[in-house]
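Peer 1: Pasting the sequence and the predicted coordinates here, then a few questions.
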Amino acid sequence: MAPSPGIPDAMDRPHFIGIGGAGMSGIAKILAQRGARVAGSDAKESATVRALRDAGATVHLGHAAAHLAEDATSVVVSSAIRDDNPELAAARERGIPVVHRSDALAALMDGLRPIAVAGTHGKTTTTSMLAVSLGSLGLSPSYAIGGDLDAPGSNAEHGSGEIFVAEADESDRSFHKYAPEVAIVLNVELDHHANYASMDEIYESFETFAARIRPGGTLVISADHPGARELTARLTGRLDIDIVTYGEAEDADVRVLKINQRGLTSEVTVVLANGKVLTFTVSVPGRHYALNAVAALAAGTALGLPPHNLASALGTYTGVKRRLQLQGEAAGVQVIDSYAHHPTEMTADLEAIRGAATGSRVLVVFQPHLFSRTQELGKEMGEALTLADASVVLDIYPAREDPVPGVTSALIIDAARAKGARVTAESDMSAIPEVVAGMAEPGDLVLTMGAGDVTELGPQILARLQNR
């Protein structure tokens with residue numbers, strides 16, 4: 001019989017600061033679906049905020065102490081909330097428990113069978129693949145994802161089944177809070193430079209995460225990625241868990257024999273640990289996404305699901321917002337949105353589009369994300385842009401960070417030009433639709449790329465192309 005998890009302690013009347021954020025909104029939605037009286041605040045109106053209101057939440061715009069209800073039982077924050085936030089200060093003055101987002105998510109998993117998906121990139125896609133495929137098998141999973149599947153507010157769901165699929169964020173070490181039955185590690189790289197000073201710190205953090213897997217549980221980890229292989233070597237023989245490797249490497253437990261790209265889909269053939277061969281379709285392009293699907297297959301199999309059923313179900317996944325999402329077509333030009341902001345992700349998405357766009361030019365509008373990431377990886381970002389026929393690079397999107405002297409988009413632009421890339425700098429976002437309309441020709445593919453508000457440019461570019 002499927003469990004019926006209730007509302008965690010002190011979460012019956014929670015107040016979320018920054019409730020519209022990808023991680024926060026999902027937890028708020030699940031609590032509302034479980035019957036909690038959810039409230040919160042966000043900086044501005046958004047489709048996510050409207051979806052939360054539709055789910056029964058009270059959402060205030062702006063941040064003010066007065067927004068915190070007298071009967072609030074807890075205040076939920078993420079690592080992005082600063083100490084001087086007036087609602088956080090009011091909660092502390094009034095002695096209201098302050099709960100980190102990761103603790104709230106961990107509490108929601110109690111009594112269920114969690115799958116936690118970690119890695120520097122690919123988490124949202126892999127978590128989404130699992131949520132969609134398990135749902136199509138009638139298992140009604142709960143899930144919390146860092147992006148929307150098909151509509152605002154679709155990043156989370158309280159399901160009636162026993163499986164809970166969650167994106168596990170390593171950026172602030174919050175993934176140490178979870179105790180999954182199955183954990184996935186897609187890759188291990190140095191990122192999140194504000195929180196990690198070295199690869200050793202990254203490895204130690206992932207080792208702590210792996211040690212949280214329930215005894216008798218399973219770690220599914222890449223056999224191809226150098227950082228993941230090093231982590232596997234560090235863990236072997238140390239934990240009371242099974243380690244299942246996947247990938248194209250010859251020693252992978254779940255080995256990928258071939259990936260055939262067919263336009264915007266891929267056909268993947270794998271051989272399982274028991275020697276059985278499976279071929280299935282992934283309805284998104286590129287090797288990167290095909291390997292995410294194999295990780296999802298291995299994780300579901302570790303939970304005891306029949307692999308052939310799960311392989312078929314993975315074909316029902318058609319993408320998540322901002323992960324190579326087609327925005328539309330105008331004047332013979334397709335506009336696609338990509339969340340890629342780390343050089344590895346940028347390269348993977350550009351290679352996937354290159355494979356799908358035989359004979360077409362690929363034009364990129366790139367917005368760097370975070371000063372710290374640009375400082376550390378600006379050269380590699382510039383080198384990734386050499387895969388485009390031409391690029392326009394915007395100013396850095398700061399998100400939660402303050403500017404760093406000397407760190408600008410010029411680091412990326414100079415590195416790209418040094419490798420022979422055709423790159424234009426543009427500080428004015430409102431000028432982009434006109435710039436792109438002047439560059440694009442029928443048959444071209446335009447990629448808006450980055451983790452910031454560059455995503456808003458797609459519809460504007462399409463409108464300008466329509467009217468040229």
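Peer 2: Received, thanks.

Peer 1: C-alpha only now, for contacts and for neighbours.
Peer 2: Noted.

Peer 1: Might you list the low-confidence residue ranges for this structure?
Peer 2: Low-confidence segments of the chain (pLDDT under 70): 1-4, 150-153, 192-194, 263, 320-323.

Peer 1: can you list the domains in it?
Peer 2: The record's domain parsing of the chain by automatic domain parsing lists 14-98, 111-314, 323-466.

Peer 1: can I get those domains in a markdown table with mean neighbour count and distance to Ala104?
Peer 2: Output for the domains of the chain, formatted as a markdown table (neighbours: other Cα atoms under 10 Å; distance: least, Cα to Cα, whole Å):
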| stretch | mean neighbour count | distance to Ala104 |
| --- | --- | --- |
| domain 14-98 | 19 | 7 |
| domain 111-314 | 21 | 10 |
| domain 323-466 | 20 | 21 |
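
Peer 1: so can I have a markdown table of those showing distance to Pro5?
Peer 2: Formatted as a markdown table, the domains of the chain follow (distance: least, Cα to Cα, whole Å):
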| stretch | distance to Pro5 |
| --- | --- |
| domain 14-98 | 8 |
| domain 111-314 | 7 |
| domain 323-466 | 31 |
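
Peer 1: closest one to Leu105 among those domains?
Peer 2: Nearest to Leu105 among the domains of the chain is domain 14-98; the distance by Cα to Cα comes to 6.4 Å.

Peer 1: Just give me how far that closest one sits from the chain centre.
Peer 2: The chain centre lies 22 Å from the centre of domain 14-98; the measure is Cα atoms, centre = their mean, to the nearest Å.

Peer 1: measure it end to end?
Peer 2: Counting by Cα to Cα, to the nearest Å, you get 10 Å between the two ends of domain 14-98.

Peer 1: Stretch 76-88 too?
Peer 2: Terminal residues of stretch 76-88 lie 9 Å apart, using Cα to Cα.

Peer 1: next one: stretch 174-190
Peer 2: Here the two ends of stretch 174-190 are set 16 Å apart, with distance taken as Cα to Cα.

Peer 1: what residues are up against Tyr178?
Peer 2: By Cα atoms under 8 Å, 6 or more residues apart in numbering, the contact set of Tyr178 is 102, 106, 116, 209, 212.

Peer 1: Pull the contacting residues for the closest residue to Ala388 other than its chain neighbours.
Peer 2: Of all residues not flanking Ala388 in the chain, Val362 sits nearest, at 5.3 Å (Cα to Cα, 6 or more residues apart in numbering). Counting by Cα under 8 Å, 6+ apart, Val362 touches 353-354, 388-390, 444-447.

Peer 1: Specify which member of those is nearest to Arg464.
Peer 2: Taking Cα to Cα as the measure, Arg464 lies nearest Val446 of the contacts of Val362, at 13.1 Å.

Peer 1: Specify the local secondary structure of that closest one.
Peer 2: When classified by DSSP: H, G, I helix; E, B strand; the rest coil, Val446 comes out as strand.

Peer 1: Please enumerate the helices of the stretch 151-300 of the chain.
Peer 2: Secondary structure of the stretch 151-300 of the chain (DSSP state H, counting those that start in this stretch): helices located at 199-211, 226-235, 287-302.

Peer 1: and which of the contacts of Tyr178 is nearest Asp9?
Peer 2: For the contacts of Tyr178, the nearest to Asp9 is Ala106 (12.1 Å; Cα to Cα).

Peer 1: Can you give me the neighbour number for the closest one?
Peer 2: Neighbourhood size, Ala106 [other Cα atoms under 10 Å]: 19.

Peer 1: elements contacting the host helix or strand of it?
Peer 2: According to DSSP states H and E, Ala106 maps onto helix 101-109. Judged by 3 or more Cα pairs under 8 Å, 6 or more residues apart in numbering; DSSP states H and E, the packing partners of helix 101-109 are helix 22-34, strand 74-77.

Peer 1: ok so, going back, distance to Glu329 for the helices of the stretch 151-300 of the chain - can I get that in JSON lines?
Peer 2: Supplementary listing: those in JSON lines, determined by distance: least, Cα to Cα, whole Å:
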{"stretch": "helix 199-211", "distance to Glu329": "41"}
{"stretch": "helix 226-235", "distance to Glu329": "39"}
{"stretch": "helix 287-302", "distance to Glu329": "23"}
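
Peer 1: Could you pull up phi and psi at the residue nearest to Ala388?
Peer 2: Val362 adopts backbone torsions of phi -110, psi 120, taken as degrees, to the nearest 10.

Peer 1: could the contacts of Val362 go into a markdown table alongside distance to Ala299?
Peer 2: Converted to a markdown table, the contacts of Val362 look like this (distance: Cα to Cα, whole Å):
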| residue | distance to Ala299 |
| --- | --- |
| Ile353 | 27 |
| Arg354 | 30 |
| Ala388 | 34 |
| Asp389 | 38 |
| Ala390 | 39 |
| Asp444 | 38 |
| Leu445 | 34 |
| Val446 | 34 |
| Leu447 | 31 |
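
Peer 1: Quickly check those for the two that are furthest apart.
Peer 2: For these, the farthest-apart pair by Cα to Cα is Ile353 and Ala390; their separation is 13.9 Å.

Peer 1: just to revisit the earlier point, report the backbone C-alpha coordinates of the helix holding Ala106 in CSV.
Peer 2: Extracted C-alpha coordinates of helix 101-109, given in CSV (Å, rounded to 0.1, in the frame of the first residue of the first chain):
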residue,chain,number,x,y,z
ARG,A,101,15.1,24.8,1.7
SER,A,102,17.1,21.5,1.7
ASP,A,103,15.9,20.6,5.2
ALA,A,104,12.3,21.2,4.1
LEU,A,105,12.8,19.0,1.0
ALA,A,106,14.5,16.3,3.1
ALA,A,107,11.5,16.3,5.5
LEU,A,108,9.1,15.9,2.5
MET,A,109,10.9,12.7,1.6
